[in-house]
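Participant: here's a sequence, model it:
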Amino acid sequence: MISKEIKIELASGLEARPAAMLVQVASQYESSIYVESGEKRVNAKSIMGMMTLGLAEGETVRVTADGEDEKDAIDGIEKYLGNH
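Facilitator: Predicted structure coming up:
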């Protein structure tokens, strides 16, 4: 299991469409992936979970992945959230 702090650099933060895109990115990986913000921890593959976070540009989240492709999963999510 690995985790990493990632800063959200999407101009609109994680509104409906960016949250749905993040779920699609996370769903490409076999690993279990969670996003934490404050006291909330949600499954990155759950659109409803991601929508409850209401994250804005500039906020930092902790992304945790556990599984065979955990490193690739973290890298993929960081690439998306970092808008690279």
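
Participant: verify the contact between residue 33 and residue 61 for me.
Facilitator: No: assessed by Cβ atoms under 8 Å, residue 33 is found out of contact with residue 61, at 11.6 Å. In this view, the C-beta of every residue, glycine as well, is placed from N, C-alpha and C.

Participant: and these two? Which one has more around it.
Facilitator: Between residue 33 and residue 61, counted using other Cβ atoms under 10 Å, the more crowded position is residue 33 (26 against 23).

Participant: quick check: the more buried one is in a helix.
Facilitator: No: Residue 33 is assigned strand when assessed by DSSP: H, G, I helix; E, B strand; the rest coil, not a helix.

Participant: contact partners for the residue nearest to it when sequence neighbours are not counted?
Facilitator: Closest residue to residue 33 apart from its sequence neighbours, by Cβ to Cβ, 6 or more residues apart in numbering: residue 44 at 4.0 Å. Applying Cβ atoms under 8 Å, 6 or more residues apart in numbering, one finds that residue 44 lies in contact with 22, 23, 26, 33, 34, 35, 50, 63, 77.

Participant: any chance of these in a markdown table, plus distance to residue 12 and pLDDT?
Facilitator: Below are the contacts of residue 44 laid out as a markdown table (distance: Cβ to Cβ, whole Å; pLDDT from 0 to 100):
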| residue | distance to residue 12 | pLDDT |
| --- | --- | --- |
| 22 | 12 | 96 |
| 23 | 16 | 97 |
| 26 | 18 | 98 |
| 33 | 21 | 98 |
| 34 | 22 | 98 |
| 35 | 17 | 98 |
| 50 | 14 | 94 |
| 63 | 19 | 98 |
| 77 | 17 | 97 |
